[in-house]
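[1] Need coordinates for the below:
(chains A and B)
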Amino acid sequence: MDFNDWYNDIVEEADLCDKRYPIKGMNVWKPYGWKVMKHIDSLIHREMERTDHDELAFPVLIPKTEFAKEAEHIKGFDAEVYWVTHGGTNELDVPMLLRPTSETAMYPMFSLWVRSHTDLPLKTYQIGTTFRYETKMTRAFIRVRQIHFFESHTAHVDYDDAQRQIEEDLEIKERFFNDLSLPCLLAKRPDWDKFAGAFFTIGIDALMPSGRTMQLGSIHHYKDNFAIPYDITYENEDGEHPYVHQTTYGMSERVLGAVVGVHSDDRGIKLPPSIAPYQVVIVPIIKRDGPDVEGYCEKLRDELIDAGLRVKYDGRDLRPGNKYYHWELRGVPLRLEIGPREMEEATVDLAIRDLPKGEGKKKLQVEGLADAIRGELDAYAARLKERAEEALAAGIHEFDRARDAEPEGIVKLGWCTNEACGTAMEEFLDMTMLGVWLDPDGTPREEKQCSECGAAGNAVLFAKTY
RNA sequence: GGGCCCGUAGGGUAGCUUGGCCGAUCCUCGUGGCUUUGGGAGCCAUGGACUCCGGUUCAAAUCCGGGCGGGCCCA
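    Predicted coordinates:
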């Protein structure tokens, strides 16, 4: 089975979503999938609070008049917005659109909120729903029409302060994806592929098992490109009224799609402990006329929950094997099997999701169990990360000239920044340029001579993308 | 934007070419019961589908047209 078929099946089999809702590209979040997404959101909230961003919530509808103010922006999104043209049976004088992203909703308000240099920096974010009218090739979490979306929006006194925000965003990105055991590439998008209205865009890309990359997030420096049309100015200490410089950082439910794709095997998905709805599942082994295993397990569950772990006790009237398959498919990291034998000797049988059946079993003492489990979860997360890093490294292929390259996975070449050279390389490879490969701190990762003209340049990455 | 394909119980399928042997196949699943629980148990009973509208015909899951829904390829 190829990756596409596997992915389409697994998102439903693992109980993440139901694709039978009768609108293409709009799926129903199942409770289990929604729990995972909410945990991902929690990681974002934690990072935002840590960095002094304030959460807010804007309306979903934007009047056409506001949307149309920034010319590049409207050009970039015009073809993929849903329009609200009627109120009841009356046609609206000013049509409204369902936000594809929130710049044009927020910035008229920013213009009102920002008065003085003491109002800056303004650091905000929201987690909500956006809409894009995708027509072809929708895929659960990866390409959808209704998007669970995170976006931070900031405003600053000048270019340099906005640039410092970009650097903070890169640190946030680093911690966030580390918690997901999900290695990503950073690439500065070429000018012809940056976000509509941005001064520059840094893309965050993951490598899926299909060999395609998927953009999981983007960090934009807007300069004053939006501040001018939306008239966002402040009064500085000299009584002048300069425009603010702005940034955004966006991510979506695609992060979940990448977790599903990257951390998986033929038994199902493997969730990182940071977002697993249940980090541990307890399966009782019940013997007729035996001791009260169920009561014992429930008590142990309560103790582990009190110790801060997310634990599920599976007391369903099914055979144990059935439950094992059920929770493996859904990616629960650890499973405790407890029967009369374990009760007797005050131990638990531990099965570890990412290890082969033979190696993935050991006995733990009930004494100090919560700490032992935390240790196992950390080791598990580290193994997920290591495996994903190896897969990513193995997926990058370096060449000196595009015309000699095998266009497979991610292709690394040198580029001089000349657009003609870049597009020529895209054509040879039949791939998209992700951009200049960046280190985690946002600086170009390595120098490399241009594939086309031989001039000095930087390493750039190409791939087939989602 | 251009082209191709598909739609049968909750899921997966057989049947469609050549209309009638369809009171629609098989697996899975749901429900009730008995029996069971250390890697997907068994038996019995039972439940559930031809995407919609129109047309052709004595007769349509099957042929034709349209709607709706879904998938894929190319730009």
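[2] C-alpha from now on. contacts and neighbour counts both.
    OK.
[3] and the gap between residue A:258 and residue A:215?
    To residue A:215, residue A:258 is 9 Å away according to C-alpha to C-alpha, to the nearest Å.
[4] do the same with residue A:148
    Here the distance between residue A:148 and residue A:215 works out to 15 Å (C-alpha to C-alpha).
[5] Give me the common contacts of residue A:258 and residue A:215.
    residue A:206 (C-alpha atoms under 8 Å, 6 or more residues apart in numbering).
[6] And the pLDDT at residue A:45?
    Here, the pLDDT recorded for residue A:45 equals 98.
[7] What backbone torsions are found at it?
    phi -50, psi -40 (degrees, to the nearest 10).
[8] Against RNA strand B, how distant is it?
    With distances taken as C-alpha to the nearest atom of the strand, to the nearest Å, residue A:45 is found 31 Å from RNA strand B.
[9] burial measure for that residue, as a count.
    Neighbour count for residue A:45, taken as other C-alpha atoms under 10 Å: 19.
[10] quick one on the thing from earlier: show me which of residue A:148 and residue A:215 is the more surrounded one.
    residue A:215 (22 against 18).
[11] Could I get the average pLDDT for the helix or strand hosting residue A:162?
    Using DSSP states H and E, residue A:162 sits in helix A:159-179. Regarding helix A:159-179, the rounded mean pLDDT is 98.
[12] do stretch A:442-456 as well
    97.
[13] Next, give phi and psi for the residue in the stretch 351-466 of chain A positioned nearest to RNA strand B.
    As assessed by C-alpha to the nearest atom of the strand, RNA strand B sits closest to residue A:357 within the stretch 351-466 of chain A, at 5.3 Å. Main-chain dihedrals, residue A:357, degrees, to the nearest 10: phi -50, psi -40.
[14] Tell me the bridge partners for the residue lying closest to it once chain neighbours are set aside.
    Nearest non-adjacent residue to residue A:357, counting by C-alpha to C-alpha, 6 or more residues apart in numbering: residue A:351, 7.9 Å away. Assessed by DSSP bridges, residue A:351 has beta-bridge partners residue A:335, residue A:361.
[15] so residue A:351 makes contact with residue A:328?
    No: the pair residue A:351 / residue A:328 is not scored as a contact, 10.1 Å apart, by C-alpha atoms under 8 Å.
[16] is RNA strand B contacted by the helix or strand where residue A:296 lies?
    Applying DSSP H and E as the criterion places residue A:296 in helix A:293-306. No: Helix A:293-306 stays clear of RNA strand B (C-alpha under 7 Å from any atom of the strand), getting no nearer than 9.7 Å.
[17] buried residues in the helix or strand containing residue A:349?
    In this assignment (DSSP H and E), residue A:349 forms part of strand A:347-352. Buried residues in strand A:347-352, counted by 16 or more other C-alpha atoms under 10 Å: A:347-352.
[18] Over to stretch A:240-249?
    A:242-249.
[19] One more: stretch A:275-282?
    Those would be A:275-282, for stretch A:275-282 by 16+ other C-alpha under 10 Å.
[20] buried stuff in the helix or strand bottoming out on mean pLDDT in chain A?
    Within chain A, confidence by mean pLDDT, DSSP states H and E is lowest for helix A:71-77 among all helices and strands, at a mean of 84. Across helix A:71-77, burial judged by 16+ other C-alpha under 10 Å covers A:73-74, A:77.
[21] Check whether that helix comes into contact with RNA strand B.
    No: applying C-alpha under 7 Å from any atom of the strand, one finds helix A:71-77 out of contact with RNA strand B, separated by at least 13.1 Å.
[22] And the next helix or strand past that helix?
    Following helix A:71-77 in sequence, per DSSP H and E, is strand A:83-87.
[23] Check the average confidence over that next one, would you?
    Rounded mean pLDDT across strand A:83-87 is 88.
[24] again with stretch A:415-427
    Mean predicted lDDT for stretch A:415-427 stands at 95.
[25] For residue A:328, see how far away the residue of the stretch 301-450 of chain A found nearest RNA strand B is.
    Nearest residue of the stretch 301-450 of chain A to RNA strand B: residue A:321, at 3.0 Å (C-alpha to the nearest atom of the strand). Separation of residue A:321 from residue A:328 (C-alpha to C-alpha): 11 Å.
[26] between the two, who's got more neighbours?
    Neighbour count, other C-alpha under 10 Å: between residue A:321 and residue A:328, residue A:328 has more, with 21 against 9.
[27] so that one touches residue A:269, yeah?
    Yes: checked against C-alpha under 8 Å, the pair residue A:328 and residue A:269 is within contact range at 7.4 Å.
[28] picking that back up, let me know the closest of the buried residues of helix A:71-77 to residue A:5.
    Distances from residue A:5 to the buried residues of helix A:71-77, taken as C-alpha to C-alpha, are shortest for residue A:77 (29.9 Å).
[29] ok, that closest one - contacts?
    Here residue A:77 is in contact with A:100, A:196 (C-alpha under 8 Å, 6+ apart).
[30] Need the pLDDT of the residue sitting furthest away from the middle of chain A.
    Distance to the chain centre peaks in chain A at residue A:289, reaching 49.5 Å (criterion: C-alpha atoms, centre = their mean). Model confidence at residue A:289, given as pLDDT, is 86.
[31] which non-adjacent residue is nearest residue A:409?
    residue A:211 (4.5 Å).
[32] In contact with that neighbour, which residues?
    Residues in contact with residue A:211, defined by C-alpha under 8 Å, 6+ apart, are A:395, A:408-410, A:464.
[33] and whichever residue of the stretch 101-250 of chain A sits closest to RNA strand B, helix, strand or coil?
    Using C-alpha to the nearest atom of the strand, the closest approach of the stretch 101-250 of chain A to RNA strand B is made by residue A:137 at 3.8 Å. The local conformation at residue A:137, judged by DSSP: H, G, I helix; E, B strand; the rest coil, is coil.
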